[in-house]
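Engineer: from the sequence below, what's the structure:
(one chain, ligands or ions: 1)
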Amino acid sequence: MHALLVEDDDRMAQALGTALAQRGHTVRRVARALDALRHTREAEFVLLDLGLPDLDGIELLRRLRRVCGAPLIVVTARCEERDIVQGLRAGADDYVVKPFRMAELMARIDTVRRRTDARAGLPGPGDPSGEGAGIRIVRRGDAEVDLAARTVTVGGAEVRLTRREFDVLAHLAARPDEVHSRAEILDRIWGDAFLAASRSLDVHVAGIRAKTGRSGLVRTVRGFGYQLGPER
Ligand code: CA
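Structural biologist: Coordinates of the predicted model:
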């Protein structure tokens, strides 16, 4: 994944950059708050030092949160409870105090990413813009569901689903560990849980399976509903 590292200390930036690269991440490091704001679009997660030369880190955090839905972890020497609470309230997903153990920070990054991935998904009725969702790609075998771009590819080739077929697939992909009841899916996608007896949901699932050619992409939970197929 692509990390935005906001850190004005060269040695710290070097150490973090190396650790992130070792775990397969690409990194853009910036030393100033204003540069951070310029590079939010590409970031899939953000590590943010609060002591920056050009802007208070908490103020930067608030501004980042307005334009960037990616998971954000504060990594700072500020260790007072007041600072930590302020950071979390300003929108940080986690808060790590320097000096820290690198392995612990890397584990926290994974945890925050898992949590924000699970929280993402379709914009709800009160959140039509989908604000808060970053870039989300869910993979099953050679099938990829890109929740942000609303695209599905199989073996790298795009599969054209109808809007509603995509909505159903994205709903399952956003929370792949959960089994979703028919009523929940119908309520969420059709806006009417009482359609539960109708066959339209099954028709859409059949469409997803047929068009992707990956029948295992959606798993039927007999008598209850559907789930995204298992990882293999
Ligand atoms: Ca600093």
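
Engineer: what segments of this structure are strands?
Structural biologist: 2-6, 26-30, 45-48, 72-76, 94-97, 137-140, 143-146, 151-154, 157-159, 180-181, 218-221, 225-228 (DSSP state E).

Engineer: any chance of a markdown table for the ones you listed, columns mean pLDDT and distance to A36?
Structural biologist: Placement of C-beta: from N, CA and C, glycine included. Listed next are the strands of the chain as a markdown table, based on pLDDT from 0 to 100; distance: least, C-beta to C-beta, whole Å:
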| stretch | mean pLDDT | distance to A36 |
| --- | --- | --- |
| strand 2-6 | 95 | 4 |
| strand 26-30 | 95 | 5 |
| strand 45-48 | 95 | 7 |
| strand 72-76 | 94 | 11 |
| strand 94-97 | 90 | 17 |
| strand 137-140 | 92 | 24 |
| strand 143-146 | 94 | 25 |
| strand 151-154 | 94 | 28 |
| strand 157-159 | 94 | 33 |
| strand 180-181 | 86 | 37 |
| strand 218-221 | 93 | 39 |
| strand 225-228 | 93 | 34 |
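
Engineer: next, format those strands as CSV and append mean neighbour count and distance to L64.
Structural biologist: Formatted as CSV, the strands of the chain follow (neighbours: other C-beta atoms under 10 Å; distance: least, C-beta to C-beta, whole Å):
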stretch, mean neighbour count, distance to L64
strand 2-6, 23, 9
strand 26-30, 17, 12
strand 45-48, 24, 7
strand 72-76, 24, 7
strand 94-97, 18, 14
strand 137-140, 18, 22
strand 143-146, 20, 23
strand 151-154, 18, 26
strand 157-159, 13, 32
strand 180-181, 18, 32
strand 218-221, 15, 36
strand 225-228, 21, 31
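
Engineer: closest to the ion out of these?
Structural biologist: strand 72-76 (7.6 Å; C-beta to the ion).

Engineer: paired strands for the closest one, with orientation please.
Structural biologist: Sheet pairing for strand 72-76, assigned by DSSP bridges, gives strand 45-48 (parallel), strand 94-97 (parallel).

Engineer: who does the worst-scoring helix or strand of the chain on mean pLDDT touch, helix- and strand-wise?
Structural biologist: One helix or strand of the chain scores below all others by mean pLDDT, DSSP states H and E: helix 102-119, with a mean of 81. If contacts are counted by 3 or more C-beta pairs under 8 Å, 6 or more residues apart in numbering; DSSP states H and E, helix 102-119 sits against helix 10-22, strand 45-48, strand 72-76, strand 94-97.

Engineer: many thanks, have a good one.
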